[in-house]
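Trainee: after the sequence you'll find the predicted model.
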Amino acid sequence: MIETSWKNIKIACSMVLFTFAFATDALPDILNVPTDYLTIQEAIHASESGDTIMVGSGVHRLYAGGITVVRDSIIIKSAEGAKKTIIEGRGKGPVITFPEDCSSIIDGFTITSISKANFVNIQYAEVISNRLNVRSGPGTDYPVVGTLNKGERRAVEEIIGPWINLKFETGWIHRKYATLSLGCSENDIEYAGIVSGTLNGGGIYCASSSSPTIANNIICGNSALFGGGIYCAPSSSPAIVGNVISKNNAARFGGGIFSCKASPTTRNNRIMENEASNAGGGIFCRRGSPRITNNVIWNNQARSGGGISCERSSCSIINDTITENRAIYGGGVFFQGGSVRIVNTIFWNNQDDLYSRRISPAVRPNHSNIGDGDFRGLNGNICADPLFADPKNSDFRLRPDSPCINAGNPASIYNDPDESRNDMGAYGGPKAHL
C-alpha cells in the first residue's frame with residue numbers, strides 16, 4: 001500500500017514538472033534590440049506570435065528598405081519612448097509595413113524618413129501571374145511577406161539577376177512572372193497609386209485586412225503619393241491612437257493619413273502641419289467607415305479638405321478640435337457623398353470650416369461650435385470663441401469659462417469621463433485623454 005502511494009506521488013510530480021516545462025516553453029519572449037539582435041527586422045524574424053520586441057534608445061537607421069512586420073501578433077515597443085527612439089527610413093518606401101492579416105502593435109517610436117520620395121522616371125513591373133509570392137530578399141530561401149495578383153503594378157528599386165526589388169514596398173519578386181516598362185505618364189502614376197497600392201504610405205503602410213495598433217509614436221517628415229504619414233489599404237482596420245502625426249506630405253491625397261475603403265479608428269492624436277497637393281491635408285477618407293475622435297487637427301493644408309476630406313465614406317467625426325487649417329474648399333472639413341456624422345466638434349479659425357456640394361439634413365453637424373456661423377442654432381450648434389487655453393503654443397484645451405464646456409450633445413453616451421455633460425472638442429467625451 002505504501003509503495004503504491006509513493007509511486008503515485010512520483011507520477012503526479014512528474015506530470016506537474018512536465019506541465020510546467022510545457023507552459024514555460026509557451027510563454028511569450030522578450031527580444032531586446034540591440035542587445036539580443038542587432039536590428040529590429042532581425043528580431044521580428046526571430047520572434048513568434050505573442051512576443052515583445054523591446055528596442056533601446058537611439059537612431060535605428062534603415063539602409064535597405066523598410067521594416068516589415070512579418071509576425072501577425074507581436075509587440076514592438078521602445079524602452080524609453082518616441083523622443084529617444086527613432087526609426088529612420090531612406091524615403092524609398094514605407095518605414096514600417098504591416099502585411100495582410102497582421103494585428104501587431106508598434107508603440108513609442110519616432111518614425112521618419114531622411115529624404116522625400118521621387119515620383120518621376122519610375123520603372124514598373126507588372127505582374128503576369130496570380131498569387132505571386134513577394135519575398136523579403138532575392139531568392140526562394142527568403143520568407144514570403146505578401147502576394148501580388150495578375151495585372152498589379154509596382155515601382156522597381158533595383159534588379160539583381162532574376163529578382164526585382166520593389167521600390168515602395170519591402171519585397172522581391174521573380175522576373176519570370178513580371179513584365180518591365182520604363183517611365184510612365186501622370187495618369188499611370190495615379191492609376192498605380194489608387195489601384196495597386198504603389199507609392200503608398202511614407203511612414204506606415206497597413207495592408208488589406210490588417211488591423212495593427214499604432215500607438216504613442218511621432219510620425220513625421222515622411223512623404224508618398226498617397227498617405228504621407230499612414231496609408232490604410234482596403235479592408236484594413238488599424239487603431240491609430242495617441243500619436244503625433246506631423247509635417248508629412250502627400251503628392252496627391254492624405255498628407256497625414258490616407259484611408260481607402262478601410263475602417264481605421266483615429267483617436268487622441270495630434271495631427272498637425274501636414275500637407276497634400278490635392279485633398280486631405282490632415283486626413284483623407286475614400287469610402288469605408290473611418291472613426292475620427294478626440295483629435296487635435298491643426299494647421300494642415302490641401303486644395304480641398306485642409307483638415308479632413310471625406311469622399312463617399314461613412315465617416316464619424318466626434319469630439320475633435322479642427323483649427324487653423326487651410327484649403328480653397330473646406331479648410332476644416334470637405335465632404336461629398338456618403339454619410340458624414342459630425343458631433344461635439346470645434347471648428348475655429350479655419351479657411352472655410354465646412355464645404356460640401358450638397359448637405360442633406362442627415363449630415364448636418366450636431367452640437368458643434370462652427371466658427372463661420374454655418375448651422376448656428378440648428379441641432380445645438382453654436383458659433384463662439386472656444387477660448388482655448390494657449391493656442392499660440394498649440395494648447396487647445398478649454399479655459400474654465402469656455403462656451404464649449406458642457407455644451408456638447410446631452411445624451412449620456414457622450415458624457416465626459418467624470419459623467420458630466422459632454423465638452424465640445426478634443427478634450428471632451430468618454431474617450432477623452434485628459
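Mentor: Looks like it came in fine. Residues are numbered from 1 along each chain as shown.
Trainee: can you list the buried residues in the longest strand along the chain?
Mentor: Taking DSSP state E as the criterion, the chain has its longest strand at strand 153-160. Buried positions in strand 153-160, judged by neighbour count with 16 or more other Cβ atoms under 10 Å: 153-157. Yep, even glycine has a C-beta here, placed from its N, CA and C like the rest.
Trainee: from those, which single one is nearest residue 54?
Mentor: Using Cβ to Cβ, residue 157 comes nearest to residue 54 of these, at 30.6 Å.
Trainee: my read: that closest one touches residue 166, true?
Mentor: Yes: shown here, residue 157 and residue 166 form a contact pair, counting by Cβ atoms under 8 Å, at 6.4 Å.
Trainee: what is in contact with the two at once?
Mentor: Residues touching both residue 157 and residue 166 by Cβ atoms under 8 Å, 6 or more residues apart in numbering: residue 93.
Trainee: quick revisit: which one of the buried residues of strand 153-160 sits closest to residue 286?
Mentor: Taking Cβ to Cβ as the measure, residue 286 lies nearest residue 153 of the buried residues of strand 153-160, at 19.5 Å.
Trainee: surely that closest one touches residue 126?
Mentor: Yes: assessed by Cβ under 8 Å, residue 153 is found in contact with residue 126 at 4.8 Å.
Trainee: for residue 310, give me its contacts.
Mentor: Residues near residue 310 by Cβ under 8 Å, 6+ apart: 285, 333-336, 338, 340.
Trainee: re the thing from before, using PDB, write out every CA atom in the next helix or strand after the longest strand of the chain.
Mentor: Moving toward the C-terminus from strand 153-160, the next helix or strand (DSSP states H and E) is strand 163-166. C-alpha atoms of strand 163-166 as PDB (Å, rounded to 0.1, in the frame of the first residue of the first chain):
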ATOM      1  CA  TRP A 163      15.000  39.100 -58.900                       C
ATOM      2  CA  ILE A 164      13.200  42.500 -58.800                       C
ATOM      3  CA  ASN A 165      13.400  44.700 -55.700                       C
ATOM      4  CA  LEU A 166      10.100  46.600 -55.300                       C
END
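Trainee: pLDDT (mean, whole number) over strand 163-166?
Mentor: In this model, strand 163-166 has an average pLDDT of 88.
Trainee: immediately after that strand, which helix or strand?
Mentor: Sequence-wise, the next helix or strand downstream of strand 163-166 (DSSP H and E) is strand 172-174.
Trainee: which elements pack onto that following strand?
Mentor: Under the contact criterion of 3 or more Cβ pairs under 8 Å, 6 or more residues apart in numbering; DSSP states H and E, strand 172-174 touches strand 132-135, strand 163-166.
Trainee: repeat that with 10 Å
Mentor: Under the contact criterion of 3 or more Cβ pairs under 10 Å, 6 or more residues apart in numbering; DSSP states H and E, strand 172-174 touches strand 132-135, strand 144-148, strand 153-160, strand 163-166.
Trainee: would CSV of those strands with distance to residue 105 be doable?
Mentor: Formatted as CSV, those follow (distance: least, Cβ to Cβ, whole Å):
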stretch, distance to residue 105
strand 132-135, 23
strand 144-148, 18
strand 153-160, 27
strand 163-166, 25
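Trainee: would you single out the least confident of those strands?
Mentor: Checking each of the helices and strands packed on strand 172-174, the one with the poorest mean pLDDT is strand 153-160, at a mean of 80.
Trainee: tell me the strands beside that one, with direction?
Mentor: Sheet pairing here is set by DSSP bridges, and for strand 153-160 it gives strand 123-127 (antiparallel), strand 163-166 (antiparallel).
Trainee: output the lowest mean pLDDT helix or strand found in the protein.
Mentor: In the chain, no helix or strand scores lower on mean pLDDT, DSSP states H and E than helix 186-191, which sits at a mean of 37.
Trainee: for the record, mean pLDDT for the helix or strand following that one?
Mentor: Downstream of helix 186-191, the first helix or strand assigned by DSSP H and E is strand 204-206. Strand 204-206 carries an average pLDDT of 97.
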